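>>> Here is my input; please provide its structure:
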Amino acid sequence: MPKGYLSIVLHAHLPYVRHPEHDFSLEERWFYEALSECYIPLIWAIERLLEDRVPFKLTISLSPPLLCMLDDAFLQERYIRHLEGLLELCEKEVRRTKGTAFEPVAQMYQYRFRGVHDTFCRRYERCLLKAFKAFQDTGSVEVITSAATHGYLPLMMVHPEAVRAQVSVGVQTYQRYFDRKPEGIWLPECAYQPGIDEILKEQGIRYFFTDSHGVLFADRRPRYGIFAPIYCPTGVAAFGRDIESSKQVWSAREGYPGDFDYREYYRDIGFDLDFDYVRPHIHPEGIRIHTGLKYYRITGANTHHKEPYMPEWADHKTDIHAANFVFNREHQVDYLAHHMDRPPLIIAPYDAELFGHWWFEGPRWLDLLMRKTAQSDRVEMMTPGQYLRRHPCNQVATPCTSSWGDEGYHDVWLDDTNHWIYRHLHWSAGEMVKLARDYHAADGILERALKQAVRELLLAQSSDWAFIMATGTMVDYAVRRTKRHLANFKGIWHQIRENRIEPDWISALEERDNIFPHIDYHVYA
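As a prediction, the model looks like this:
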């Protein structure tokens, strides 16, 4: 038995962004960029590990909105169009940079996006879910779920039925794509309060994650701190995030991504080059945006001067940083093992989009990390589900109310910028519960209207909108999405209660907000 375990957990989530009403959607590019820069490079890394027969374990949560977008034919077609535009831009860039210091980087992008196009279109036939299902079937990757639309669950407990619906739809969506029930769940924003675990138990969930203080400040002091899970009284396990290993990766200032040899995210040719040259590849209205082609490295702190990006330098640094991460975990478990009667477990959770999008070299770092850990005689890769099977006896305690947001509680999702949304969300949730109970045997257009009411409410509950309002980025869009879904819900509610349902309007909503095509409105009953 090794001295300790390491569990890397990646949370892959994007808000539901699908806009057939527009020929060009800036928000849909969030999805396209994540595919090209994060999810497909992550698939490549896992494929290489499996091909080389490297023993590794990785946990990935795929949120239900992301699953639905990955399976959406409309978005798949638009993504191909996006890729074709990128390949056209890469060809132009290879010609433009010929004979300059940027030529190797331009060639790298061309080769890379050709590979992305081949992986998406030919190898997985537009459906990347096939890759993640295959990875799960190997036993090396543990895929888990999240709440339906990433609703901030503690602030929804005014109506426990709303939390139950979020969890239930998340489980059902996962089961539809992976032909099994999920063992674990990523609570949106790692936000927990006592009582949520009861709903998780009802849905067959075995474990979830909290930030460090969620476990450390449990109602009983955890004997092993965050280095072993605790069982809630319901029997659902809570795993606490390790502060040290997390900070080494996610911190731009103190962590690996801030190294001066890594690619600079904020210098993009969409802003750097002549307007007429990049105009075909930016917003149709002439708004400069990121294209994904970036030629500079971070270079130094607090300076606008940037040096050309050197891929071989960055590769060298990923190797060093992967070795350093393993070295630090080995020393961590060496110390902890003296104070525990079992190998300590280090939970290192991250947003998946950090790897590849914000930290360009991140997927390569993960690949090297897995390989180096496989060579360690002191640290073994482990998934939370595997840990519970190997060490089923754990302390019983109730985690405290917490999240992994700034200040550790609800501040980000409930402040002066976004508090107004909750009275509307709570009213709508209460009315949806009444609708589901009053019309328990609906069919035809009434059933369709009830299903669409659930979709609109779930979309309005997304924690992403409150987060965007609080952070001050794309605020108009977040406010517009929240108001639109709430207005749609209330419109459907009026039509149902007044027995005047408009089939054409319901059809239009079904076309635009088509998340969860197999939704059952009885989840609110």
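>>> Flag the shaky bits of the stretch 351-500 of the chain, pLDDT-wise.
By pLDDT under 70, the stretch 351-500 of the chain has no low-scoring segment.
>>> can you give me the strands in it?
Taking DSSP state E, counting those that start in this stretch as the criterion, the stretch 351-500 of the chain carries its strands at 379-381.
>>> do the same with the stretch 1-150 of the chain
Applying DSSP E, counting those that start in this stretch to the stretch 1-150 of the chain gives strands spanning 4-12, 58-62, 141-146.
>>> Now render those as TSV, adding distance to Lys317 and mean pLDDT.
From N, CA and C alone the C-beta is placed, and that goes for glycine too. Converted to TSV, the strands of the stretch 1-150 of the chain look like this (distance: least, CB to CB, whole Å; pLDDT from 0 to 100):
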stretch	distance to Lys317	mean pLDDT
strand 4-12	19	98
strand 58-62	22	98
strand 141-146	26	98
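>>> how about those strands in CSV, adding mean neighbour count?
Converted to CSV, the strands of the stretch 1-150 of the chain look like this (neighbours: other CB atoms under 10 Å):
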stretch, mean neighbour count
strand 4-12, 25
strand 58-62, 25
strand 141-146, 26
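>>> Among those, which comes closest to Pro399?
In terms of CB to CB, the element of these nearest to Pro399 is strand 4-12, at 16.6 Å.
>>> what is the orientation angle of the closest one with strand 141-146?
Orientation check (axes from the mean of the first three to the mean of the last three CA atoms, to 10 degrees): strand 4-12 against strand 141-146 gives 50 degrees.
>>> Check which helices and strands strand 4-12 sits against.
strand 58-62, helix 311-337, strand 345-351, helix 362-374, strand 379-381, helix 384-390 (3 or more CB pairs under 8 Å, 6 or more residues apart in numbering; DSSP states H and E).
>>> Off-centre distance for the shortest one?
Read it as strand 379-381. Averaged C-alpha coordinates place strand 379-381 at 24 Å from its chain's average position (CA atoms, centre = their mean, to the nearest Å).
>>> just checking, Gln166 touches Thr145?
No. With contact defined as CB atoms under 8 Å, Gln166 and Thr145 do not form a contacting pair (10.8 Å).
>>> shared neighbours, the two?
The contact sets of Gln166 and Thr145 do not overlap (CB atoms under 8 Å, 6 or more residues apart in numbering).
>>> Just give me the neighbour total for the closest residue to Trp493 other than its chain neighbours.
Nearest residue to Trp493 in three dimensions, chain neighbours excluded: Glu431, at 5.7 Å (CB to CB, 6 or more residues apart in numbering). Glu431 has 19 neighbours, counted by other CB atoms under 10 Å.
>>> that older thread, save the strands of the stretch 1-150 of the chain as a markdown table, and put in distance to Ala162 too.
As requested, the strands of the stretch 1-150 of the chain are arranged in a markdown table below (distance: least, CB to CB, whole Å):
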| stretch | distance to Ala162 |
| --- | --- |
| strand 4-12 | 22 |
| strand 58-62 | 21 |
| strand 141-146 | 16 |
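>>> Which stretch among those approaches Glu244 most closely?
Ranking the strands of the stretch 1-150 of the chain by proximity to Glu244 (CB to CB) places strand 4-12 first, at 12.0 Å.
>>> Run the chain-centre distance for stretch 359-378.
Relative to its chain's centre, stretch 359-378 lies at 20 Å (CA atoms, centre = their mean).
>>> cool, stretch 248-265 as well?
From the chain centre to the centre of stretch 248-265 is a distance of 20 Å (CA atoms, centre = their mean).
>>> now what about it, what contacts it?
Residues contacting stretch 248-265 (CB under 8 Å, 6+ apart): 247, 294, 296-301, 306, 309-310, 313-314, 316-317, 321, 324-325, 328, 348, 350-351, 354, 358-362, 365.
>>> so of the helices and strands packed on strand 4-12, which one's packed in deepest?
strand 58-62 (a mean of 25; mean count of other CB atoms under 10 Å).
>>> helices or strands up against that one?
Using 3+ CB pairs under 8 Å, 6+ apart: strand 58-62 touches strand 4-12, strand 141-146.
>>> now the shortest one against strand 58-62, angle please.
If I follow you right, that is strand 141-146. Going by the same axes, to 10 degrees, strand 141-146 makes 30 degrees with strand 58-62.
>>> partner strands of strand 141-146, parallel or antiparallel?
For strand 141-146, the paired strands and their directions (DSSP bridges) are strand 58-62 (parallel), strand 185-186 (parallel).
>>> List the contacts of the helix or strand following the shortest one.
Scanning the chain past strand 185-186 towards its C-terminal end, the next helix or strand to appear is helix 196-202 (assignment: DSSP states H and E). For helix 196-202, contacts defined as CB under 8 Å, 6+ apart pick out 153-154, 157, 160, 163-164, 167, 185, 187, 208, 232, 234-236, 238, 398.
>>> Show me the domain layout of the chain.
4-71+127-263+309-407, 414-524 (automatic domain parsing).
>>> Would you mind finding the most buried of the ones you listed?
Highest mean neighbour count among the domains of the chain (mean count of other CB under 10 Å): domain 4-71+127-263+309-407, with a mean of 20.
>>> Go through the contacts of helix 196-202 and flag which are in helices.
Judged by DSSP state H, helices contain the following of those: Pro160, Val163, Arg164, Val167.
>>> What is the nearest of these to Ile60?
Each of those was scored against Ile60 by CB to CB, and Val167 proved nearest at 18.6 Å.
>>> does that closest one really touch Gly204, like I thought?
No. Taking contacts as CB under 8 Å, Val167 lies outside contact range of Gly204: 10.2 Å.
>>> Just the pLDDT for Leu26.
For Leu26, the pLDDT comes out at 92.
>>> Same question for Glu33.
Per-residue pLDDT puts Glu33 at 97.
>>> That one and Leu155, how far apart?
Distance, Glu33 to Leu155, by CB to CB, to the nearest Å: 29 Å.
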